[in-house]
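Asks: need a 3D model of the sequence below.
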Amino acid sequence: MLEKLTLEEKIGQMFMFGINSSNTEGILELIKNNQIGGVILYKKNYSSYSEMLTLINKLKDANKENKIPLFVAVDEEGGRVNRMPSEIKNLKSINKFSKLEDKKLIKKHSEIISKMLYNTGINMNFAPDLDIDNNSSSKVIKDRCFSDNVDIVKEYGILYMEEMQKNNVISIIKHFPGHGITKKDSHILLPYTFNYKEVLNKHILPFKEAIDNGCDGIMISHIVVRKLTQGLPSSLSKKLIKEYLREKLHYDNLVITDDIRMKPVDLLYKSVSLKKAFTSGADIILFKYRKEDYKVINKVIKMVKTGKIKEEDIDKSVARILRIKEKYNISDKKKTNGCNIEELNKQIEAGNTEKAELETEITRLQNQLAAVQTENEKLQGQ
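Replies: Have a look, this model is predicted:
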């Protein structure tokens, strides 16, 4: 397939766009004319489940004459990161489930979300978070990740990822090399850490575990890590992606950047971010859509033709993209009919209720233990 693609078609595959509003005309044109590789959806793109299905079918229909099917992605984590319309109930955050120390609940959380997404026509989910909650005052990650314990993050993260894969949704783990080390929100300020040893000895460990267990995709954060990223955000760093992730960790599946149009990256690195992203070793570059993005695609084509970006690197990335799309048998030929909302809500409600019952039982046992400890202290005092 790679040999059958033109340079323009190959470069198109490396672009994934997030739609800014319910107006999709520009994205549909990019799909038809520039053969972009994927689209990420947000809650603001639709006001109901039927509108969501209509949009997904429009996207697939726009791409059905192209050679390569489309990644249709979301960030669906449960809890506060929820992209489904309001008539679908929301699963509680994975952190709350994780505290119950029940592997069955972790797998069930992933199963409900992945089956819901697959039946909705979504083939890629930016989840789970393999970040480690490193600072109790930080709200950037907090309840979005499994735990502040690296072993729990590793064990539960792999379970969650594998369950999603089992249900035919590509799991993109995030935010490499570990967003939990910083308090800053990369949507607003550029996160920076001097503590590269802690990143290497702790925060990267869940990602290593995922790679060893067949991870299909990794999202790269915008964190600047001293010595590891050469003063650049991780998403633009050749040293981190090519030299560390690719060569040292021997990772050869998808690498996707976080949105390189997030405010701090866009403001501080605008003049170099496009070239840096395409030479960093990342396979898919995520952009918040703007009206004249066909010019951005043409700019990358020109950089390849003039030797500023190596075509052999483009080929390596597109080969990975094709491999994952083939692995998950992605197709745009079939219309998406969606889930039975009533049945889906029952499953979500049952999952949340089961969790609540367990929480109540744990609280009861903790109170009993506290009472016993208090009684022991009294007896020792006597």
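Asks: CA only for contacts and neighbour counts going forward, please
Replies: Noted.
Asks: which residues are in contact with Ser22?
Replies: Residues in contact with Ser22 (C-alpha atoms under 8 Å, 6 or more residues apart in numbering) are 44-46.
Asks: tell me the one of those residues nearest Leu254?
Replies: The closest of the contacts of Ser22 to Leu254 turns out to be Asn45 (C-alpha to C-alpha; 25.8 Å).
Asks: how many residues are close by Asn367?
Replies: The tally of other residues near Asn367 (other C-alpha atoms under 10 Å) stands at 12.
Asks: wait, I meant Gly178
Replies: Count around Gly178 with other C-alpha under 10 Å applied: 26.
Asks: derive a PyMOL selection command for the buried subset of the contacts of Ser22.
Replies: The PyMOL command for the buried members of those (criterion: 16 or more other C-alpha atoms under 10 Å) is given here:
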select buried, resi 45+46
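Asks: would you turn the contacts of Ser22 into JSON lines with secondary structure and distance to Lys96?
Replies: Below are the contacts of Ser22 laid out as JSON lines (DSSP: H, G, I helix; E, B strand; the rest coil; distance: C-alpha to C-alpha, whole Å):
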{"residue": "Lys44", "secondary structure": "helix", "distance to Lys96": "26"}
{"residue": "Asn45", "secondary structure": "helix", "distance to Lys96": "28"}
{"residue": "Tyr46", "secondary structure": "coil", "distance to Lys96": "28"}
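Asks: from the contacts of Ser22, which is closest to Phe17?
Replies: Asn45 (12.8 Å).
Asks: now that closest one: how far from Phe15?
Replies: Here Asn45 is placed at a distance of 19 Å from Phe15 (C-alpha to C-alpha, to the nearest Å).
Asks: hey, where'd the strands end up in this protein?
Replies: Applying DSSP state E to the chain gives strands spanning 15-18, 38-40, 71-74, 124-125, 170-176, 192-193, 217-220, 224-225, 254-257, 285-288.
Asks: what is the neighbour count of Asp75?
Replies: For Asp75, the neighbour count with other C-alpha under 10 Å is 19.
Asks: if you skip the residues just before and after it, what's nearest to it?
Replies: Phe126 (4.8 Å; C-alpha to C-alpha, 6 or more residues apart in numbering).
Asks: and Ser171, by the same measure?
Replies: In space, Ser171 is closest to Asn125, 5.4 Å off (C-alpha to C-alpha, 6+ apart).
Asks: so what does the longest helix seen in the chain touch, helix or strand wise?
Replies: The longest helix of the chain (DSSP state H) is helix 341-381. Contacts defined by 3 or more C-alpha pairs under 8 Å, 6 or more residues apart in numbering; DSSP states H and E place helix 341-381 against helix 103-120.
Asks: report the inter-axis angle for the helix it packs on versus strand 170-176.
Replies: Interaxial angle, helix 103-120 versus strand 170-176 (axes from the mean of the first three to the mean of the last three C-alpha atoms, to 10 degrees): 120 degrees.
Asks: where in the stretch 51-200 of the chain is pLDDT low?
Replies: Within the stretch 51-200 of the chain, the stretches with pLDDT under 70 are 135-138.
Asks: the same query, at a cut-off of 90, please.
Replies: Counting by pLDDT under 90, the stretch 51-200 of the chain shows low-confidence ranges at 96-102, 133-143, 180-192, 194.
Asks: which stretches in it count as helices?
Replies: With DSSP state H, counting those that start in this stretch as the criterion, the stretch 51-200 of the chain has helices at 94-98, 103-120, 150-166, 196-198.
Asks: for Leu286, find the nearest of those helices.
Replies: That would be, of the helices of the stretch 51-200 of the chain and by C-alpha to C-alpha, helix 103-120, which comes in at 20.1 Å.
Asks: for that closest one, name the packing helices and strands.
Replies: helix 94-98, helix 150-166, helix 341-381.
Asks: so what touches the shortest one?
Replies: Read that as helix 94-98. For helix 94-98, contacts defined as C-alpha under 8 Å, 6+ apart pick out 77-79, 105-106, 109, 143-147, 156, 355.
Asks: repeat that for stretch 45-64.
Replies: Residues contacting stretch 45-64 (C-alpha under 8 Å, 6+ apart): 19-23, 28, 31-32, 35, 69-70, 72, 84-88, 120-122, 332-333, 335-338.
Asks: try 6 Å this time
Replies: Outside stretch 45-64, the residues within contact range by C-alpha atoms under 6 Å, 6 or more residues apart in numbering are 21-22, 31-32, 85, 332.
Asks: now intersect those with the helices, please.
Replies: Using DSSP H, the contacts of stretch 45-64 in helices are 31-32.
Asks: which among the contacts of stretch 45-64 end up buried?
Replies: 31-32, 85, 332.
Asks: relative to Ala371, which of the residues you listed is nearest.
Replies: Set against Ala371, the nearest of those by C-alpha to C-alpha is Pro85 (44.8 Å).
Asks: for Lys197, see how far away Pro128 is.
Replies: According to C-alpha to C-alpha, Pro128 and Lys197 sit 24 Å apart.
Asks: more neighbours: which of the two?
Replies: Set Pro128 next to Lys197 and count neighbours by other C-alpha under 10 Å: Pro128 wins out with 28 against 13.
Asks: Ile173 is in contact with the more buried one, correct?
Replies: Yes: counting by C-alpha atoms under 6 Å, Pro128 does reach Ile173; the two are 5.2 Å apart.
Asks: re the thing from before, quick one: the helices and strands packed on helix 103-120 as TSV, columns for distance to Leu55 too.
Replies: Shown next, in TSV, are these (distance: least, C-alpha to C-alpha, whole Å):
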stretch	distance to Leu55
helix 94-98	28
helix 150-166	23
helix 341-381	17
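Asks: nearest to Ile309, of the ones you listed?
Replies: Per C-alpha to C-alpha, nearest to Ile309 of those: helix 150-166, 32.7 Å.
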